[in-house]
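J.: coords below, sequence missing:
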RNA sequence: GGCCGCGUAGCUCAGGGGAUAGAGCAACUGCCUUCUAAGCAGUCGGUCGCACGUUCGAUUCGUGCCGCGGUCACCA
């Protein structure tokens, strides 16, 4: 229990005695005291006045008096307007530091959470938008784990469908047998780029053919439907669904190229998965559930044989769940996969990390599963995040206006390299150590950049202004960590810092106390970031820790402290700061260097 | 047009019924013979989109309007 909660419940329990009436816990608002006032914790009395039946000053005085007399950690209080500012005993903070275990862990929740993220299409390499998805998904999984949940990271790979056939058709027509092994295009040695090249190629020819047909007097709609290359793709999709050997062989070959490429990108992003689902395995599953829903009158059939659900009573509209020809649509597959996930993992919560352009789709999916009476339906949650936009607007793979993930990662590492080398602090590093450090810093900057913004908000990325390494950034926090490590290394050469006094007698420096208070909040923030499903909360906190430590570092000598006890205490503070930074970053998937 | 989301400093973002609205970047000024200056301190910069309402108190909640984005496919 934190001291915030402790005071809150203590005041609640005392209320009948003090004021002759009960009070709800949530009426007792406790805040940190703003910097310019005296005190550590502030209780706002305004909401309590109706119950105390006294004016703000008197009410605050009664509570303040009570707390000072009955809580040994509270030494003094002052009242400004309706704010009761409480001062916490120095020893409370000092003991907190001295008795803090290094590994803070939350209790096991005995609850399973499945988090689906990444979920790429196998027709093109991933871009910055997908990177946001990957980084958010991985961070969210880390946050749930750190909060004691059993987490399954799932990747639903979109490996079939018309868009996949487009790349295949284009490769057949224009590929001339190009493979990742024999290609002269360096970029295409990585198979996802090779396949992506033909996806773009398809679109180019498709557009040309449409233009030609329109010139021949067709309408735009006719042209779009009759373009030979599109007909070829549709034909290929049918062949694929019928299991045509040649088509399946080509599909397998090209998908294998893509997977080899994805593996490299996942690896450099440092993300991983416990379970891969493939749409080619799951796309038929939804159909039996559609039958079930028809029997239960959740769905209805129209004259042409197509199957629908009526969601008008839920404020939505009618939604198709199966085509007249009996083939699946997007949501049919998701219905089937939802059941499959539950069969596999019996999860309590099922989180979908998918962009906010699909808000409507997931609203529908959840409603359908609820109407079908699925036990996991209420646990479905769409973790909806904003798009990454460029100054020129939206990224579009087909039009080539994307920031490629591999390029971006390489750029970031390069920026890290240039700036690190310019500082000249790591000249004694081996080449391997340097390479590792540049990657740590470059990816740290990138991930921090993507995570520091509220997930539901869109991000504007300007390729011309590279991601910063100073200020509110990943490298700033990493730097602070390296700083703590540097001091601890020096300390270990000097004396034994393992010696831990049970108590210590001196007045905390203001910056020292400020730092302790920030460290104290760690578990609260970790819990909040999970409840609010917001990695930005943890990122923001890691920055606050670093910033506060740097101030402390500047104000308080550590190794050169006047008294030995002081030095030992400050080394403990330094160690804990480093531990918390490292933990925060590990949770969201950012590495931390020993030196930089 | 219906529905959903977002409008906070020149730019990128925090805050989310409570005190004087905070960071970073950009601009300017100090601080390295002393533990890593990727740092610290400071100056400059705001009608929290607009209006009404609820409240002791609204940037925060509600309604309306304006602006931006998304979505309303037998695409995924």
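T.: Sure thing, it's come through. Worth saying up front: this structure is predicted, and the values here are computed from it rather than measured.

J.: how much space between the residue positioned nearest the centre of chain A and residue A:414?
T.: Taking C-alpha atoms, centre = their mean, the centroid of chain A lies closest to residue A:136, which sits 2.5 Å from it. In this view, residue A:136 and residue A:414 are 24 Å apart by C-beta to C-beta, to the nearest Å. C-beta here means a position set from N, CA and C on the backbone, and glycine is covered the same way.

J.: Could I get the full set of strands for the stretch 451-596 of chain A?
T.: With DSSP state E, counting those that start in this stretch, the ranges of strands along the stretch 451-596 of chain A come out as A:459-460.

J.: same check, this time on chain A
T.: With DSSP state E as the criterion, chain A has strands at A:29-32, A:41-44, A:74-80, A:83-88, A:112-116, A:150-157, A:275-278, A:300-301, A:307-310, A:318-322, A:349-355, A:380-385, A:388-389, A:459-460.

J.: Listing partners with orientation, what would you give for the last one?
T.: To tie it back to what came earlier, the one meant is strand A:459-460. Listed by DSSP bridges, the sheet partners of strand A:459-460 and their directions read strand A:388-389 (parallel).

J.: does any part of the partner strand sit near RNA strand B?
T.: No. Strand A:388-389 stays clear of RNA strand B (C-beta under 7 Å from any atom of the strand), getting no nearer than 7.6 Å.

J.: quick one on the thing from earlier: OK, contacts around the residue nearest to the centre of chain A?
T.: A:117, A:353, A:383, A:385, A:450, A:451, A:455, A:535 (C-beta atoms under 8 Å, 6 or more residues apart in numbering).

J.: Which of those residues has the largest number of neighbours?
T.: Tallying neighbours with other C-beta atoms under 10 Å puts residue A:535 at the head of those, with 29 neighbours.

J.: for the contacts of residue A:136, which one is nearest residue A:403?
T.: Residue A:403 lies nearest to residue A:450 out of these, by C-beta to C-beta, at 11.8 Å.

J.: Any figure for the gap between that closest one and residue A:136?
T.: 7 Å.

J.: which regions of chain A lie under the pLDDT threshold?
T.: Residues of chain A meeting the criterion pLDDT under 70: A:101-106, A:495-503.

J.: how's it carved up into domains?
T.: Annotated domains of chain A cover A:3-88, A:161-275, A:406-588 [automatic domain parsing].

J.: hang on, the earlier thing: put together TSV for the contacts of residue A:136, with distance to RNA strand B on each row.
T.: Below are those laid out as TSV (distance: C-beta to the nearest atom of the strand, whole Å):
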residue	distance to RNA strand B
A:117	15
A:353	14
A:383	13
A:385	10
A:450	11
A:451	10
A:455	8
A:535	11
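
J.: Now do the contacts for residue A:211.
T.: Counting by C-beta under 8 Å, 6+ apart, residue A:211 has contacts residue A:223.

J.: Actually, residue A:67.
T.: In this structure, residue A:67 makes contact with A:7, A:10, A:11, A:74, A:77, A:86, judged by C-beta under 8 Å, 6+ apart.

J.: quick one: contacts for the first one?
T.: Spelled out, that is residue A:7. Residue A:7 sits in contact with A:30, A:41, A:43, A:67, A:71, A:74, A:86, where contact means C-beta under 8 Å, 6+ apart.

J.: now that we have these, which one has the most neighbours?
T.: Ranked by neighbour count (other C-beta under 10 Å), the contacts of residue A:7 have residue A:43 at the top, with 27 neighbours.

J.: Quick check: phi and psi on the residue in the stretch 351-500 of chain A that RNA strand B sits nearest to?
T.: Closest contact between the stretch 351-500 of chain A and RNA strand B, by C-beta to the nearest atom of the strand, is at residue A:471 (2.0 Å). Per-residue torsions, residue A:471: phi 80, psi -140 (degrees, to the nearest 10).

J.: Which two among the contacts of residue A:67 are spaced furthest apart?
T.: Longest span within those, C-beta to C-beta: A:10 and A:77, 13.7 Å.

J.: Now residue A:59. Nearest residue, chain neighbours left out?
T.: residue A:52 (4.2 Å; C-beta to C-beta, 6 or more residues apart in numbering).

J.: Roughly how far does the one you found sit from residue A:83?
T.: Residue A:52 is 15 Å from residue A:83, by C-beta to C-beta.

J.: Same check on residue A:237?
T.: The gap separating residue A:237 from residue A:83 is 67 Å, by C-beta to C-beta.

J.: ditto for residue A:200
T.: From residue A:200 to residue A:83 the distance is 61 Å (C-beta to C-beta).

J.: since we're on the residue nearest to residue A:59, how many residues are nearby?
T.: 20.

J.: Same check on residue A:210?
T.: Residue A:210 is flanked by 20 other residues according to other C-beta under 10 Å.

J.: How many residues are close by the closest residue in space to it that isn't next to it in sequence?
T.: Spatially, and ignoring its direct neighbours in sequence, residue A:210 is nearest to residue A:223 (4.5 Å; C-beta to C-beta, 6+ apart). Using other C-beta under 10 Å, residue A:223 has 20 neighbouring residues.

J.: I'd guessed residue A:223 sits against residue A:207; true?
T.: No. The pair residue A:223 / residue A:207 is not scored as a contact, 10.1 Å apart, by C-beta atoms under 8 Å.

J.: Start and end of stretch A:558-565, how far apart?
T.: 11 Å (C-alpha to C-alpha, to the nearest Å).
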